[in-house]
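1. Quick one: sequence plus predicted model below, questions after.
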Amino acid sequence: MSSLTNKRILLGVCGSISAYKSPDIVRRLQDFGAEVRVILTSGGANFITELSLQSISKNKVHSNIWDKEAELSMGHIELAKWADLILIAPASANTIAKIATGKASDLLTSVVLASKAKLILAPAMNQQMFNSSAVQENLKHLNTRQINIIQPDSGLQACGDIGVGRLPDSTDIANYVAKQFESTQLSGKNVLVTLGATVEAIDPVRFISNHSSGKMGMALVDSCVQMGARVTCVYGNIDVNLNVKAINIHAKSAIEMHASVMDVIDQQEIFIAVAAVSDYGVKNPSKQKIKKSGNNLILELTPNKDILSEVCKLDNKPLSIGFAAETQNTLENAKNKLKNKGCDAIILNDVSNTEIGFNKDENQVVFISQNLQENIAKNSKTNVAEKILKIFIKEFL
Ligand SMILES: Cc1cc2nc3c(=O)[nH]c(=O)nc-3n(C[C@H](O)[C@H](O)[C@H](O)COP(=O)(O)O)c2cc1C
């Protein structure tokens, strides 16, 4: 599924009978993970209330360019800069004409002019209006300015006419928007990502594991999928949803994860080792639950295979990224890891900082390769994943 996680969508709602569908469009965009703010034109306010759109979007609805309070901080410019994408749905013939001629006569058209964000229009109107040469010429002209037009549906209209001009289904509109953020930078590439924590059994009910939730790894899986890669995800213990577009393989212990990775590694062009793999496993785990006794219990641990090192020693080694979760001498340890494991890049994660890393939604990392050391500032794991991949693609692909 496409994603709008952390994307900021500005929805313009115009004076069309189909404006009653706009709260549903807000909902569907939110389903994809977007934050939505709404500009309601004065025409639109005749068809749908600010209160409905405010309640659904959970944000103040903007409608008046002469709002003295908002304009104290140049509200229309702020909105223009805030948006990652502007969607106008429904777009009236009137607003389409204004945008085509570069007018800035209300808040919506002023924000459109002041924004660098991609613009999508979903025209909705009576079929005669839609087919009029004025509207068609305006749309043709907007198309030459790289403004995306969502074709209206055909069918029975509110006025009783039958023809083209109906606002498409809200889910289709949200899908169209989400597709704008898909990239093809990893198109056709096979990428293997390991993530989550391995579980080393002590006995049938007890185990040794760690705090990894799989959030950072899954953010990378999602980003790779969005960039067009064929992703295989080998996951241990996780606290996130799987991406249904990836091939998902569960591996409980470090031994199972090693086997699962080695099974598929020769088909991969990129390997991203995010899983927190236990360095040690329990020698001879008990088949029965160990009974409590007053005596000390000694567990003998044996070293597990180092999956990243082994992959990097392969003759047909894929481009490989490792993660270094460090608590001290972080930079030095991460650079040593890059050298010792023979991988192409290491992502340093300072896990002594309790605000980031394990089980948190945000992360702050350093991308380290032979030729590069780049800080990626604290941000959502989704955005950090995108930045890691962008740097990686620029350096290696
Ligand atoms: C009942 C009614 C329904 C209308 N439906 C539409 C419509 O579906 N599409 C459209 O472009 N204009 C429609 N209009 C005309 C617009 O509301 C009008 O052009 C208005 O100025 C648009 O303002 P705006 O572009 O600022 O939203 C309708 C008008 C009325 C009275």
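-> Structure received.

2. packing partners for the helix or strand harbouring residue 22?
-> Applying DSSP states H and E as the criterion places residue 22 in helix 22-31. Packing partners of helix 22-31 (3 or more Cβ pairs under 8 Å, 6 or more residues apart in numbering; DSSP states H and E): strand 8-13, strand 35-40, helix 50-57, strand 85-91, helix 170-179. (C-beta placed from N, C-alpha, C; glycine too.)

3. switch to 7 Å and redo it
-> Judged by 3 or more Cβ pairs under 7 Å, 6 or more residues apart in numbering; DSSP states H and E, the packing partners of helix 22-31 are strand 8-13, strand 35-40, helix 50-57, helix 170-179.

4. I'd like the ones you listed laid out as CSV, including mean pLDDT and distance to residue 76.
-> As requested, these are exported to CSV (pLDDT from 0 to 100; distance: least, Cβ to Cβ, whole Å):
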stretch, mean pLDDT, distance to residue 76
strand 8-13, 97, 11
strand 35-40, 97, 9
helix 50-57, 97, 17
helix 170-179, 95, 22
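
5. looking at the ones you listed, which is buried most?
-> strand 8-13 (a mean of 26; mean count of other Cβ atoms under 10 Å).

6. what's it packed up against?
-> helix 22-31, strand 35-40, strand 85-91.

7. ranking those by burial, who's on top?
-> Burial of the helices and strands packed on strand 8-13 is given as mean neighbour count (mean count of other Cβ under 10 Å); strand 85-91 ranks first at a mean of 27.

8. dump the residue contacts of residue 12.
-> 39, 86, 88, 108 (Cβ atoms under 7 Å, 6 or more residues apart in numbering).

9. Can you tell me which of those residues is nearest the ligand?
-> Of all the contacts of residue 12, the ligand sits closest to residue 108, with 7.2 Å by Cβ to the nearest ligand atom.

10. count of neighbours near that closest one?
-> Neighbours of residue 108 under the rule other Cβ atoms under 10 Å: 30.

11. just to revisit the earlier point, so which of the contacts of residue 12 would count as near the ligand as well?
-> With Cβ under 6 Å from any ligand atom as the criterion, the contacts of residue 12 include none near the ligand.

12. Would you mind writing the CA trace of stretch 130-140 as PDB?
-> Provided in PDB are the C-alpha atoms of stretch 130-140 (Å, rounded to 0.1, in the frame of the first residue of the first chain):
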ATOM      1  CA  PHE A 130     -17.000  20.500 -17.600                       C
ATOM      2  CA  ASN A 131     -17.200  20.100 -21.400                       C
ATOM      3  CA  SER A 132     -17.400  23.900 -22.000                       C
ATOM      4  CA  SER A 133     -14.400  25.100 -24.100                       C
ATOM      5  CA  ALA A 134     -13.500  27.600 -21.300                       C
ATOM      6  CA  VAL A 135     -13.100  24.900 -18.700                       C
ATOM      7  CA  GLN A 136     -11.400  22.500 -21.100                       C
ATOM      8  CA  GLU A 137      -8.900  25.100 -22.300                       C
ATOM      9  CA  ASN A 138      -8.100  26.100 -18.700                       C
ATOM     10  CA  LEU A 139      -7.500  22.400 -17.800                       C
ATOM     11  CA  LYS A 140      -5.300  21.900 -20.900                       C
END
